[in-house]
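A.B. asks: Sequence below, structure please.
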Amino acid sequence: MKRERGIMKREHGFSMLEVLITMLIVSFGLLGIAGIIITSVKNNQSSNVRSQASLMVNDILDRMRANRTPAEGPSLPYDLLISTPTATTAPPAGPNIAASDLYSWRTALAATLPSGTGSIKMNPATKNVTVVVQWNDSHGGDRDHAGASTESLTVQARL
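C.D. replies: Numbers count the residues shown, from 1 in each chain. Model prediction:
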């Protein structure tokens, strides 16, 4: 008890207003933390898909290096456009390694990346290869100004 001017006065706890203000401040802080966690999860998922796309680019480049003579040849068996549909039937029969590689690669892209597809362009004069992998990143955090969710990874390498 506290004595004030000769009168005994009891001290009471926090007032209701102080408690409400504290709860308001804490709730805004928790909302901010929840927003940070959601953004972190989205960016983590987008980063994971981008890593998978990088692995897929390296996969086809390694396949082309393993089959170097036909890959560098004049018929360019590894050239592939993004608009080329992914085969849904069995892989090509016979000894056509390039066709089998392309089938396996495009099937793996579709299975690994959301709406994943890819293209390959070989320049036989310089032996430079441009590999483009595209996927739908609608769950990711970054989007262009138009709101599109298509992401791509372009890698240029020399065989």
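A.B. asks: could you point out which element follows the longest helix anywhere in the chain?
C.D. replies: Scanning the chain for the helix with the most residues, using DSSP state H, yields helix 16-66. For helix 16-66, the following helix or strand on the C-terminal side (DSSP states H and E) is helix 68-72.
A.B. asks: helices or strands up against that following helix?
C.D. replies: Applying 3 or more C-beta pairs under 8 Å, 6 or more residues apart in numbering; DSSP states H and E, one finds that helix 68-72 makes contact with helix 97-112. No exception for glycine: its C-beta is placed from N, CA and C like everyone else's.
A.B. asks: So which elements touch the helix it packs on?
C.D. replies: Contact analysis of helix 97-112 by 3+ C-beta pairs under 8 Å, 6+ apart lists helix 16-66, helix 68-72, strand 117-123 as its packing neighbours.
A.B. asks: Residue 138: which of these is closest?
C.D. replies: Residue 138 lies closest to helix 16-66 among the helices and strands packed on helix 97-112, at 9.9 Å (C-beta to C-beta).
A.B. asks: and the angle for that closest one with strand 117-123?
C.D. replies: Going by axes from the mean of the first three to the mean of the last three C-alpha atoms, to 10 degrees, helix 16-66 is angled at 40 degrees with respect to strand 117-123.
A.B. asks: Alright, I will stop here.
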